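Student: Below is the sequence, then the predicted model.
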Amino acid sequence: MIHQANLSVESQWQKELKQSYTKPKDLLNYLNLPVADFEKDFEARKLFNMRVPRYFASLMEKGNPNDPLFLQVMPQIQEFIEKAGYEADPLKEHDSEMPGLLHKYKSRVLIMFRTGCAVNCRYCFRREFPYADNAVNKEKLTQVLDYISQNKQINEVILSGGDPLMANDQAIAWFVEQCESISHLKRLRIHTRLPVVMPSRVTKELIDSLQQSRLKAIVVLHINHHKEISEQLILACSKLNNAGITLFNQAVLLKNINDTVHTQVLLAERLFDSGILPYYLHLLDKVTGVTHFNLTEAESKKIYEGMLAELPGFLVPKLVREVGGESSKTPVLP
Ligand code: SF4
């Protein structure tokens, strides 16, 4: 039974979501940045919509056009740059086994559980993904569950998107129950950025669904910069940790955002202090429109070597790149 008080907590994040900034001008005004300086950038919204929760904007430094959180979400004119090596589908994901399902790894399947996100990160490798063709409703999810039932080598389900936590708690609870009835499944993993941009998404109902399941739950957050780890997020993470849910982080190495050893060390330390283990540090996936975020492989390796020198081994994420068509992530060795 869902109590009234809990319903109001859940509706809180949905209400917050609706209040997100979708126009650059509104975000710039909030941050006390001169709108005229950015007008040339507004066009980039045609390539990929802008969406920034107000909570995430509140973590940005007002008056600072180089704020590392602002740079991740503000449309920029450079997104129109076309360059060899950058393509619409760098990970070769657009043709899947069935709509909404990717079965790249033998023992794991990835489900595009929800096609939207609470925030639109400008560097996103799925910014050109045909989400409309891959949206999953209950009927398609039932087909996906049949596929999992018939493939006994699958022991882990990964919910991705978009952002799977865009689904409401009832939809997640239903899906968790369906997975529980498939005896060869052991783990449920959720890849999400939503708690980072809106910690209120970590509701009691969500925690209860994951905690009460026989499946071992893992939440992989996406945090690129230590400034994204607020006290509210730390509180949400401690609730997940207390419920026995394992927390990992994956980040993307981004030019002018987190491209120094110092920033990466601060991120790793703050993640650990918050009960989250650094898991992967990804090189940028070369989707069209993201050239201005890219670091060369040599630059990336240099930063990584600095991290190896400064951090204890358990706080160093694996440096990886995704190669389209490959069945696993490719390690980038210093
Ligand atoms: S939250 Fe993840 S999937 Fe959504 S836009 Fe950001 S990087 Fe892409």
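Tutor: Nice, I can see it.
Student: Excluding sequence neighbours, find me the nearest residue to the closest residue to the ligand within the stretch 201-334 of the chain.
Tutor: Distance from the ligand to each residue of the stretch 201-334 of the chain (C-beta to the nearest ligand atom) is smallest for His222, at 5.7 Å. Every C-beta, even on glycine, is put in place using the N, C-alpha and C of the backbone. In space, His222 comes closest to Arg193 once its chain neighbours are excluded; the distance is 4.1 Å by C-beta to C-beta, 6 or more residues apart in numbering.
Student: Repeat that for Glu228.
Tutor: Nearest residue to Glu228, sequence neighbours excluded (C-beta to C-beta, 6+ apart): Val196, at 5.4 Å.
Student: pretty sure the one you found belongs to a helix, no?
Tutor: Yes. Applying DSSP: H, G, I helix; E, B strand; the rest coil, one finds Val196 inside a helix.
Student: one step back: quick check on the residue nearest to His222: phi, psi?
Tutor: Main-chain dihedrals, Arg193, degrees, to the nearest 10: phi -110, psi -10.
Student: before we move on, what about Asp41?
Tutor: The phi/psi pair for Asp41 (degrees, to the nearest 10) is phi -80, psi -20.
Student: same deal with Ile303?
Tutor: Residue torsions, per degrees, to the nearest 10, at Ile303 are phi -60, psi -40.
Student: Quickly note the distance from it to Cys124.
Tutor: In this view, Ile303 and Cys124 are 21 Å apart by C-beta to C-beta, to the nearest Å.
Student: Next: Phe70.
Tutor: According to C-beta to C-beta, Phe70 stands 16 Å off from Cys124.
Student: ok, back up a step: how much space separates the residue nearest to Glu228 from Thr288?
Tutor: From Val196 over to Thr288 (counting by C-beta to C-beta), the distance is 25 Å.
Student: Over to Leu141?
Tutor: Leu141 is 30 Å from Thr288, by C-beta to C-beta.
Student: repeat for Arg201
Tutor: Per C-beta to C-beta, Arg201 is found 30 Å from Thr288.
Student: Might you enumerate the residues of the stretch 51-200 of the chain proximal to the ligand?
Tutor: 117, 119-121, 124, 126, 161-163, 193 (C-beta under 6 Å from any ligand atom).
Student: Now the residues you listed in CSV, please, with extra columns for secondary structure, neighbour count and pLDDT.
Tutor: Listed next are these as CSV, based on DSSP: H, G, I helix; E, B strand; the rest coil; neighbours: other C-beta atoms under 10 Å; pLDDT from 0 to 100:
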residue, secondary structure, neighbour count, pLDDT
Cys117, coil, 21, 95
Val119, coil, 24, 97
Asn120, coil, 19, 96
Cys121, coil, 22, 97
Cys124, coil, 20, 95
Arg126, coil, 22, 83
Gly161, strand, 27, 83
Gly162, coil, 24, 88
Asp163, coil, 24, 96
Arg193, coil, 24, 98
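Student: In a markdown table: the residues you listed, plus distance to Ile172.
Tutor: Converted to a markdown table, those look like this (distance: C-beta to C-beta, whole Å):
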| residue | distance to Ile172 |
| --- | --- |
| Cys117 | 16 |
| Val119 | 19 |
| Asn120 | 22 |
| Cys121 | 22 |
| Cys124 | 22 |
| Arg126 | 20 |
| Gly161 | 12 |
| Gly162 | 14 |
| Asp163 | 12 |
| Arg193 | 16 |
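Student: Show me which of those residues is closest to Asn249.
Tutor: Closest to Asn249 out of those is Arg193 (10.4 Å), distances taken as C-beta to C-beta.
Student: residue contacts, the closest one?
Tutor: For Arg193, the contacting residues are 117-119, 121, 163, 221-223, by C-beta atoms under 8 Å, 6 or more residues apart in numbering.
Student: List the residue ranges of the protein that fall below the pLDDT cut-off.
Tutor: By pLDDT under 70, the low-scoring segments of the chain are 1-10, 93-97, 132, 134.
Student: Ala44 belongs to a strand, doesn't it?
Tutor: No. Counting by three-state DSSP, Ala44 falls outside a strand, being helix.
Student: So what's the residue count around it?
Tutor: If you count neighbours by other C-beta atoms under 10 Å, Ala44 ends up with 19.
Student: do the same with the one 4 residues further on
Tutor: For Phe48, the neighbour count with other C-beta under 10 Å is 18.
Student: All set now, cheers.
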